[in-house]
Structure formats: structure tokens, C-alpha cells
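Peer 1: Attaching a predicted model along with its sequence, questions to come.
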Amino acid sequence: MTSSSLQHLIDANHAWAEGVSRQQPGFFQQLAKQQSPRYLWIGCSDSRVPANQVVALAPGEVFVHRNVGNVIVHSDLNALSVIQYAVDYLKVEHIMVVGHYGCGGVLAALHGQRVGLADNWLRHIGDVKMRHYARLASLCRHEQEDALCEMNAIEQAFNVAQTNVVRDAWKRGQPLCVHGWCYGLKDGKVKDLGVTMSCAEDAEQIYRAALQRYPCEAGASKA
């Protein structure tokens with residue numbers, strides 16, 4: 001049997017595991033017994049945005065769901081199942097929807113670039129673009145790209161807040177906040193987009209207030 005072409009990754013894994021065990025004896029044994037994260041990270045599949053490392057959390061401290069463009073669609077049973085498990089069983093206290101600047105999916109939707117099968121998925125981001133076209137139209141190209149990355153994260157955070165799982169949790173008084181963030185590839189820093197929702201009554205107002213930060217072309221209707 002030939003050796004694995006990925007043996008260097010297996011070796012690196014073993015070295016990492018041994019290092020963790022030396023620094024924190026019993027870490028993996030304890031981790032294997034339970035999963036009790038306080039956070040659910042919903043982010044983009046982009047390899048440059050590793051959830052745990054970005055917020056300096058150890059294994060077991062953050063539950064993660066990722067897809068192209070950090071999109072939450074109410075018909076996506078995969079994403080909804082993750083949210084339901086995280087909220088109802090793990091009892092997470094925070095859901096962070098995290099976009100990132102320079103997102104390939106957002107840029108493709110913004111500039112009408114064909115990707116292939118993923119075009120159907122990116123149509124959801126295209127809908128965000130059309131919904132806020134008046135705001136984007138007043139910006140230059142670079143500003144449009146950054147703004148749509150942020151707007152998409154805000155929209156998807158609001159979509160999370162609209163799910164029956166989150167609404168039911170709020171109704172029964174379960175502590176839970178939904179946040180919208182955007183991550184910078186160039187500096188490694190997260191930007192809070194000012195859309196933190198902790199109850200159904202205030203969610204829409206907070207969502208709309210977050211979008212008011214973006215200019216609107218004169219004479220155009222606002223979102």
C-alpha cells in the first residue's frame with residue numbers, strides 16, 4: 001500500500017494534538033464527553049475565514065455552519081437544521097452571521113459574473129443587490145463591493161431572526177442574540193455591523209436602522 005499523499009497533514013495533526021495534550025492534559029478526553037458551545041457561527045465557505053481562529057476560540061467552543069456567501073434561505077433544511085440543533089439542544093446564546101470583504105460569491109452577484117451551478121445559489125445575494133440597488137448606485141465600485149458584503153450579512157442575520165426556531169426561543173424566554181458581522185481579509189479584524197437582535201419585537205427596526213447607514217441615491221425609494 002502506497003503512503004498517503006496527505007501524510008504531511010496527518011503528521012501535522014498528530015503534532016498539534018500532542019501539543020494540545022501537553023499544554024492541557026485531558027483536554028480531548030473532556031471534549032469528547034460533551035459539546036456545550038455558547039456560539040453558532042454562520043459564515044462563508046471561503047478557506048481564508050476559519051471560524052475558531054478568527055475569534056480565538058478553542059475546539060468545542062463554537063458550533064459552525066458555512067456555505068457559499070453565508071446565505072440563510074428559509075427553504076434550506078441544512079442551515080435550518082443546524083440552527084435548530086444549536087438553539088434547541090446546545091442552547092447557544094449567540095448566533096453570528098459573518099460575511100467577509102472580497103467574498104467571491106458577493107462579487108459574482110454584484111457584477112453579474114457566471115460561476116456555474118452556484119449561480120442559482122448566488123441568486124439570493126443578487127436579490128439583496130436588487131433590493132438595495134438605490135443605495136449601491138451612489139457608491140463607487142470598491143465601495144459597492146464592501147457595502148454589498150455588509151448588506152448581505154445584515155440581510156442573512158435578519159433571515160436567521162425570522163426563523164421559527166429563533167422566534168420560538170425568544171417566545172419562551174431563552175437568552176439568544178443574533179448578530180451581523182463582516183470580516184476583513186486584509187487585516188483579520190471583524191466589524192460589528194450594528195445589527196444585534198435579541199427579541200422579535202425589535203428585530204425589524206434594528207435591521208432597518210442598520211441599513212440606514214448606507215447612502216441612498218437622490219430621488220430613489222429607500223429600503
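Peer 2: That came through, no problem.
Peer 1: Please count neighbours and contacts with C-alpha atoms only from this point.
Peer 2: OK.
Peer 1: And the lowest mean pLDDT element among the helices and strands of this protein?
Peer 2: helix 27-33 (a mean of 88; mean pLDDT, DSSP states H and E).
Peer 1: So what touches that one?
Peer 2: 20-21, 60 (C-alpha atoms under 8 Å, 6 or more residues apart in numbering).
Peer 1: Please apply the same query to stretch 82-101.
Peer 2: Against stretch 82-101 from outside (C-alpha under 8 Å, 6+ apart): 35-44, 49, 63, 65, 69-70, 145-146, 149-150, 152-154, 156-157, 165-166, 169, 175-185.
Peer 1: Now list the buried members of those residues.
Peer 2: For the contacts of stretch 82-101, a neighbour count by 16 or more other C-alpha atoms under 10 Å gives the buried set as 37-44, 49, 63, 65, 69-70, 145-146, 149-150, 152-154, 156-157, 165-166, 169, 176-183.
Peer 1: on that earlier part again, now the contacts of helix 27-33 as a markdown table including neighbour count and secondary structure?
Peer 2: Below are those laid out as a markdown table (neighbours: other C-alpha atoms under 10 Å; DSSP: H, G, I helix; E, B strand; the rest coil):
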| residue | neighbour count | secondary structure |
| --- | --- | --- |
| V20 | 14 | helix |
| S21 | 14 | helix |
| G60 | 16 | coil |
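Peer 1: Confirm that L9 lies within a strand, as I assumed.
Peer 2: No. Using DSSP: H, G, I helix; E, B strand; the rest coil, the secondary structure at L9 is helix, not a strand.
Peer 1: Quickly note the distance from it to V49.
Peer 2: According to C-alpha to C-alpha, to the nearest Å, L9 stands 19 Å off from V49.
Peer 1: By residue count, tell me the biggest helix in the protein.
Peer 2: Assignment by DSSP state H gives helix 141-162 as the longest helix of the chain.
Peer 1: Show residues contacting stretch 116-128.
Peer 2: 68-69, 71, 105-106, 108-110, 148, 151-152, 155.
Peer 1: which SS class is Y214?
Peer 2: Going by three-state DSSP: Y214 is coil.
Peer 1: Could you find the closest non-adjacent residue to it?
Peer 2: Counting by C-alpha to C-alpha, 6 or more residues apart in numbering, Y214 lies nearest to R135, which is 6.2 Å off, once chain neighbours are set aside.
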